[in-house]
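Engineer: below: sequence and its predicted model.
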Amino acid sequence: MSVRAPLITTVCVAAVVLAIPSLIGLLGGYESTSGGEVAVVRDGGLFDDNRIRQIIAPASGLTWTGWWSEVHRYPAQQRFYTITADAKRSTLLGVDVVTVPSSDGVNMGIEGTLYFRLNLDPETLKQFDDKFGTRRFRGQDDEMRYPYEGEEGWSSFFGQAIRPVIDNALRSQIGAFRCPELVSSCAFVEGGAAQETIRLVARDNNASLVKIQNAVNASLDRDLRQMLGAPYLVDLRFNLVRITLPAQVQAAVDRAQAAFAGVAESQAAIAQARAQAEANKERQKGYDLCQTCAEIEKLKALPQGITVYAPGNPGGVAVPGK
């Protein structure tokens with residue numbers, strides 16, 4: 001009895017030690033997904049490989065994934081990436097303004113939104129996880145993360161793998177236009193263009209922005225396939241909101257506009273004075289032809305309450321009370 005007791009105790013302890021991780025592996029072997037995510041499951045455990053085992057579709061119920069398998073969760077719904085100078089509208093990538101030069105060398109700030117979705121085709125998703133889910137990407141906080149590690153991980157992947165392609169597409173398209181073709185007020189600082197020239201250029205701005213937007217949409221899908229190796233992102237659509245000028249250029253435009261307004265005001269005053277002079281000239285011609293008319297006009301111009309009026313006499317005007 002004294003020998004068996006320690007042996008039984010040892011066996012029981014060993015059974016408990018083995019049972020606990022087995023129970024954990026069993027209970028942890030069930031996974032589910034929400035409506036906004038898809039999961040790639042990889043085999044795990046001491047005696048297993050690390051190959052992809054299965055794909056769990058969005059909004060799935062509890063699914064057996066095997067013992068100690070690893071689950072990589074990715075966004076399944078439409079995503080958007082906002083390029084903006086407004087901190088309230090920025091994404092996790094930060095306050096993002098893409099700045100690219102126009103053909104005449106002015107740095108243009110681009111504001112817009114890219115809409116896209118991860119390709120949920122099972123085979124394509126497996127390739128994506130093999131190629132990018134096994135790598136870590138550096139975020140803006142300098143931390144390294146896998147793409148499936150929440151919003152921070154996805155943003156890190158997007159910032160390093162996708163953002164450069166967007167920048168290149170915008171740089172290529174913006175570089176084909178001069179500054180006044182994109183922002184009409186640029187014409188103010190190009191040799192002091194006339195107001196009518198500004199109006200004519202402004203008409204073409206919207207057409208230029210539409211051309212750029214269409215060209216970016218046409219090139220993004222092709223460029224991303226080429227850079228990433230497959231159509232991992234689908235339903236790509238870029239919406240160009242506006243193009244802004246650098247602060248120093250905008251300040252020059254503001255000064256030019258103020259100066260133009262001052263010139264316009266002065267020109268209006270000159271035109272008014274010229275018209276008044278012409279009117280006086282014509283009026284004087286009438287007086288020369290009709291002296292009586294001139295005297296009548298003088299009487300009309302006298303103040304109210306005159307009691308004595310003697311033309312030609314400096315003291316001939318008498319006002320009541322004087």
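Structural biologist: Happy to help now that I have it.

Engineer: name every strand pairing with the strand or helix carrying residue 241 and say which way it goes.
Structural biologist: In this structure, residue 241 sits in strand 233-244 according to DSSP states H and E. Partners of strand 233-244 in the sheet, by DSSP bridges, are strand 107-118 (antiparallel).

Engineer: following element in sequence after the strand it pairs with, please.
Structural biologist: helix 122-131.

Engineer: and the angle from that next one to strand 107-118?
Structural biologist: 120 degrees (axes from the mean of the first three to the mean of the last three CA atoms, to 10 degrees).

Engineer: on contacts alone, who are the packing partners of helix 122-131?
Structural biologist: strand 37-42, strand 52-56, strand 70-75 (3 or more CB pairs under 8 Å, 6 or more residues apart in numbering; DSSP states H and E). (C-beta placed from N, C-alpha, C; glycine too.)

Engineer: now do 7 Å
Structural biologist: Packing contacts for helix 122-131, counted by 3 or more CB pairs under 7 Å, 6 or more residues apart in numbering; DSSP states H and E, involve strand 37-42, strand 52-56.

Engineer: need the CA coordinates for that helix. CSV is fine.
Structural biologist: Extracted in CSV, the C-alpha atoms of helix 122-131 (Å, rounded to 0.1, in the frame of the first residue of the first chain):
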residue,chain,number,x,y,z
PRO,A,122,-11.1,31.3,-50.6
GLU,A,123,-8.1,30.5,-52.8
THR,A,124,-7.1,34.2,-53.3
LEU,A,125,-7.5,34.7,-49.5
LYS,A,126,-5.2,31.7,-48.8
GLN,A,127,-2.6,33.3,-51.1
PHE,A,128,-3.0,36.6,-49.4
ASP,A,129,-2.4,35.0,-46.0
ASP,A,130,0.6,33.1,-47.3
LYS,A,131,2.2,36.2,-48.8
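
Engineer: the inter-axis angle of that helix versus strand 37-42?
Structural biologist: Helix 122-131 runs at 70 degrees relative to strand 37-42, counting by the same axes, to 10 degrees.

Engineer: buried ones in helix 122-131?
Structural biologist: Of the residues in helix 122-131, 125-129 count as buried by neighbour count, 16 or more other CB atoms under 10 Å.

Engineer: over to stretch 210-224?
Structural biologist: In stretch 210-224, counting by 16+ other CB under 10 Å, buried: 211-213, 215-217, 219-221, 223-224.

Engineer: let me know the closest of those to residue 245.
Structural biologist: Relative to residue 245, the closest of the buried residues of stretch 210-224 is residue 212; by CB to CB it sits at 15.9 Å.

Engineer: so that closest one is in contact with residue 171, correct?
Structural biologist: No - look at residue 212 against residue 171 with CB atoms under 7 Å: they stay out of range, at 11.1 Å.

Engineer: quick revisit: which one, of the helices and strands packed on helix 122-131, ends up nearest to residue 113?
Structural biologist: The minimum distance between residue 113 and the helices and strands packed on helix 122-131 falls on strand 37-42, with 21.8 Å, by CB to CB.

Engineer: and the closest one, what does it pack against?
Structural biologist: Here strand 37-42 touches strand 52-56, strand 70-75, helix 122-131, going by 3+ CB pairs under 7 Å, 6+ apart.

Engineer: reformat those as JSON lines; add mean pLDDT and distance to residue 244.
Structural biologist: Converted to JSON lines, these look like this (pLDDT from 0 to 100; distance: least, CB to CB, whole Å):
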{"stretch": "strand 52-56", "mean pLDDT": "93", "distance to residue 244": "43"}
{"stretch": "strand 70-75", "mean pLDDT": "94", "distance to residue 244": "30"}
{"stretch": "helix 122-131", "mean pLDDT": "96", "distance to residue 244": "35"}
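
Engineer: with that, I have no additional questions.
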